[in-house]
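K.L.:
Show me the folded form of this:
(one chain, ligands or ions: 1)
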Amino acid sequence: MRRQFLHLMTDNNNPIIDPPIDPMEAAFEQARKAKARGEVPIGAVLVDTNTGKILAAHGNRIEELYDPTAHAEMLAIREATLKRQSPRLINCDLYVTLEPCAMCAQAISFARVRRLYFAAYDPKGGGDDHGPRIYTHSTCHHTPEVIGGLREQEAARMLQIFFRNKR
Ligand code: ZN
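P.N.:
Have a look, this model is predicted:
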């Protein structure tokens, strides 16, 4: 299982052995931390595909920062671009626990993220497989490769429980 991930992460015959990380698990961890802060449990992790290392990991901070744009993906992109000292995240993959909204989908394109992995689909608020389908437009100049549905049920269940308890 872990080996498969390493293979995905490196895209060649040079698997990174140290440290063995599972980026989607790290994204779930961020989602759980967000939930503990009273935020919607969504987490995002950016991985540098050259090194296999995590560049940035965040959960939602919308309530905490009074910022409607403080989605996990936006915070991860901002931290990673700052670390890289570049507005473009070449050779980076993003792992998110929920299908990104239209704003984040567009930001992912602007940041030139190579590949987007997400867990649960979001028929109501998603922006790439649903709704605006940002990546299908001719005005979208960079389209990441999108792989949805990793640990889908687990992520969907976490969100369902969160919203059920809110009511
Ligand atoms: Zn978003």
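
K.L.:
and T143, helix, strand or coil?
P.N.:
coil (DSSP: H, G, I helix; E, B strand; the rest coil).

K.L.:
excluding its backbone neighbours, what's nearest it?
P.N.:
In space, T143 comes closest to Y135 once its chain neighbours are excluded; the distance is 4.6 Å by CB to CB, 6 or more residues apart in numbering. Where C-beta positions appear, they are placed from N, C-alpha and C, glycine not excepted.

K.L.:
Surely the one you found touches P144?
P.N.:
Yes. Using CB atoms under 8 Å, Y135 is in contact with P144, at 7.3 Å.

K.L.:
where do the contact lists of the two overlap?
P.N.:
S109 (CB atoms under 8 Å, 6 or more residues apart in numbering).

K.L.:
so which strand or helix has A155?
P.N.:
helix 152-166 (DSSP states H and E).

K.L.:
quick one: that helix to chain centroid distance?
P.N.:
With CA atoms, centre = their mean, to the nearest Å as the basis, helix 152-166 stands 17 Å off its chain's centre.

K.L.:
Determine the number of other residues adjacent to the residue nearest to T143.
P.N.:
Y135 has 19 neighbouring residues, counting by other CB atoms under 10 Å.

K.L.:
What score does D22 have for pLDDT?
P.N.:
Per-residue confidence (pLDDT) for D22: 93.

K.L.:
oh sorry, the question was meant for S138
P.N.:
S138 is given a pLDDT of 93.
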